[in-house]
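>>> Take this sequence and fold it.
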Amino acid sequence: MTKPRTFEKPTGFRDFPPLLVRKKRMIQELVQIQFERWGYQEVYTPSLEFYDTVGFASAIEESKMFKLIDREGSTLVLRPDQTAPIARLAASVLKDEPLPLRLFYHANVFRSQEFEAGRNAEFFQSGVELIGDSHAEADAEVIALAVEALRACQIPHFKIALGHVSLLDALLREHLPDETWISLLKEDLGNRDVVQFCQRLDQFQLDEGSKKVLHSLLRPKQDWKSMEAFKRSKSPEVQEALQQLEEIWHCLDDGEVTPFLSIDLCLVGRLHYYTGVYFEGFADQQGFPLLSGGRYDHLMDFFGRPLPATGFALKMDPLLESSPLNPKDKERTLLLYDLLQRKEAIHMAQQLREQGQIVMMCSVHDTSVGFSQRDGVCVVDLTQGGQECR
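Model prediction:
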């Protein structure tokens, strides 16, 4: 193992220079305004959690967790997702708060990645959790809020695709006799490998009716009328899941949100705790989802407080790429002074800062100063009677 160079970083970690930090903060502030307007309250959880609790409940593969041992010998993990820590918080610190809980967060999460270009091991999320409400209106609320969050970030031409974990499972079980086949097809869908999915269907030698239904899963639907074919299913599980998804769709239609939506029954949540509706948001020409979320009605059971819940997380890295927001530089003032003007410069800087201005100070003898008006800096030379200069 070679010693890293002094400027190198661990694989999957990145630096954020000032301009990128300002854009990230701008996005966080804009989505936070939306979260708070919908009644959500901000929470923080520790970066380190116990592996046996939050680490296990998070549903992230153990090989992707950053693990360490504390002084007492307990195994800790850097939080691999934020939903499980908030579930722990809701079951403990917030156990006496009235339901439903509406919580939001800004947090970094950590997942070890393979040696692949462009895959981060630390990434930032902003999200909400609605805990204690099982109704379709709750699912519709978080989906509508996801739409508002993307609109606040001025994402052009985005769509939120709705799926349903139970509906996909029930449809596959209705037409496939073997659980191994089902697992293989779900893996193909999770990898978005349509070619492999179709090849497997041909290998399984299914009847034409089953092939037609399963092939139709691959076509996103833009309205509820396109779902009518699935209503002919004889599976009670399919009918129940369809009814749930239809109720959510009609709630969203009442809120005039459906123009931003499509129905994609191929969506497979990467985290196994999802139980009902699952959704992802995409912008045009963007390969990775801007957000993902859904219903997880059994995660709270793990922490001893069975409650239904739903939520979503915005993914900051693709948001930074997709959002056209461009934070403007605030005007800055640089006071140049000599030893005789130092006291005057300090007092002037204090007064200007109290007025809300950004003020820097520098001796005229400091030859390393590289600011100019081209950098958005107003340079005031006190040695020249306070004359503004370049």
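
>>> pretty sure Lys3 belongs to a helix, no?
No. Lys3 is assigned coil when assessed by DSSP: H, G, I helix; E, B strand; the rest coil, not a helix.

>>> how about it, what does it touch?
Contacts for Lys3 (CB atoms under 8 Å, 6 or more residues apart in numbering) come out as none. Just so you know, the C-beta spots here come from the backbone N, C-alpha and C atoms, and that holds for glycine as well.

>>> Distance of it relative to Ser112?
In this view, Lys3 and Ser112 are 21 Å apart by CB to CB, to the nearest Å.

>>> Then Phe123?
Phe123 is 12 Å from Ser112, by CB to CB.

>>> Kindly report the same for Thr310.
Thr310 is 28 Å from Ser112, by CB to CB.

>>> Between those two, which is the more surrounded one?
Higher neighbour count among Thr310 and Ser112: Thr310, with 29 against 19, using other CB atoms under 10 Å.

>>> where's the more buried one, which helix or strand?
According to DSSP states H and E, Thr310 maps onto strand 309-315.

>>> for the following helix or strand past that strand, which positions count as buried?
Next helix or strand after strand 309-315 toward the C-terminus (DSSP H and E): helix 316-322. For helix 316-322, the neighbour count (16 or more other CB atoms under 10 Å) marks Met316, Asp317, Pro318, Leu319, Leu320, Ser322 as buried.

>>> ditto for stretch 36-55
Using 16+ other CB under 10 Å as the test for burial, stretch 36-55 gives Trp38, Tyr40, Val43, Thr45, Glu49, Tyr51, Val54, Gly55.

>>> Tell me the pLDDT of the residue lying closest to the fourth one once chain neighbours are set aside.
By the measure of CB to CB, 6 or more residues apart in numbering, the closest residue to Thr45 outside its immediate chain neighbours is Pro85, 3.9 Å from it. Pro85 is assigned a predicted lDDT (pLDDT) of 95.

>>> The one 10 residues further on now?
Looking at Lys95, its pLDDT is 96.

>>> I figured it hits Arg305, correct?
Yes. Using CB atoms under 8 Å, Lys95 is in contact with Arg305, at 6.4 Å.

>>> what's His272 in contact with, if anything?
With CB under 8 Å, 6+ apart, His272 has these contacts: Ala59.

>>> coming back round to it: please identify which of Lys95 and Arg305 sits among more neighbours.
Arg305 (16 against 11).

>>> count of neighbours near the nearest residue to the more buried one once chain neighbours are set aside?
In space, and not counting its chain neighbours, Arg305 is closest to Ala91: 3.8 Å by CB to CB, 6+ apart. Using other CB under 10 Å, Ala91 has 19 neighbouring residues.

>>> measure Ala91 to Phe303 for me?
For Ala91 relative to Phe303 (CB to CB), the value is 4 Å.

>>> Next: Pro10.
Separation of Pro10 from Phe303 (CB to CB) stands at 31 Å.

>>> repeat for Ile358
46 Å.

>>> If you count contacts, what does the one helix or strand Ala144 maps to end up packed against?
Element membership for Ala144, per DSSP H and E: helix 136-152. Contacts defined by 3 or more CB pairs under 8 Å, 6 or more residues apart in numbering; DSSP states H and E place helix 136-152 against helix 18-37, strand 122-131, strand 158-164, helix 236-254, strand 277-283, strand 291-295, strand 309-315.

>>> which residues are in contact with the fourth one?
Applying CB under 8 Å, 6+ apart, the contact partners of helix 236-254 are 136-137, 139-140, 143-144, 162, 164, 166-167, 169-171, 173-174, 224, 227, 230-231, 233, 258, 261, 263, 276-277.

>>> picking that back up, compute the inter-axis angle for the helix holding Ala144 and strand 158-164.
When axes from the mean of the first three to the mean of the last three CA atoms, to 10 degrees is applied, the directions of helix 136-152 and strand 158-164 differ by 160 degrees.

>>> Does Ala59 belong to a helix, a strand or coil?
Look at Ala59: counting by three-state DSSP, its state is coil.

>>> thinking again about what came up before, tell me which two of the buried residues of stretch 36-55 sit farthest apart.
Using CB to CB, those span at most 33.6 Å, a distance reached by Trp38 and Tyr51.

>>> Mind picking out the helix or strand in this protein with the poorest mean pLDDT?
Using mean pLDDT, DSSP states H and E, strand 387-389 stands out as the lowest-scoring helix or strand of the chain, at a mean of 58.

>>> Residue nearest the middle of this protein, spatially speaking?
Leu314 (2.3 Å; CA atoms, centre = their mean).

>>> wait, isn't it in contact with Ser126?
Yes. Counting by CB under 8 Å, Leu314 does reach Ser126; the two are 4.7 Å apart.

>>> that older thread, show me which of Ile358 and Phe303 is the more surrounded one.
Phe303 (19 against 15).

>>> which residues does the nearest residue to Glu321 once chain neighbours are set aside contact?
Distances taken as CB to CB, 6+ apart place Gln286 nearest to Glu321, at 7.1 Å, with adjacent residues excluded. Counting by CB under 8 Å, 6+ apart, Gln286 touches Pro318, Glu321, Ser322.

>>> where does Gln286 land in three-state SS?
Following three-state DSSP, Gln286 is assigned to coil.

>>> hang on, the earlier thing: next step: the buried residues of stretch 36-55 restricted to strands.
Mapping the buried residues of stretch 36-55 onto strands (DSSP state E) picks out Glu49.
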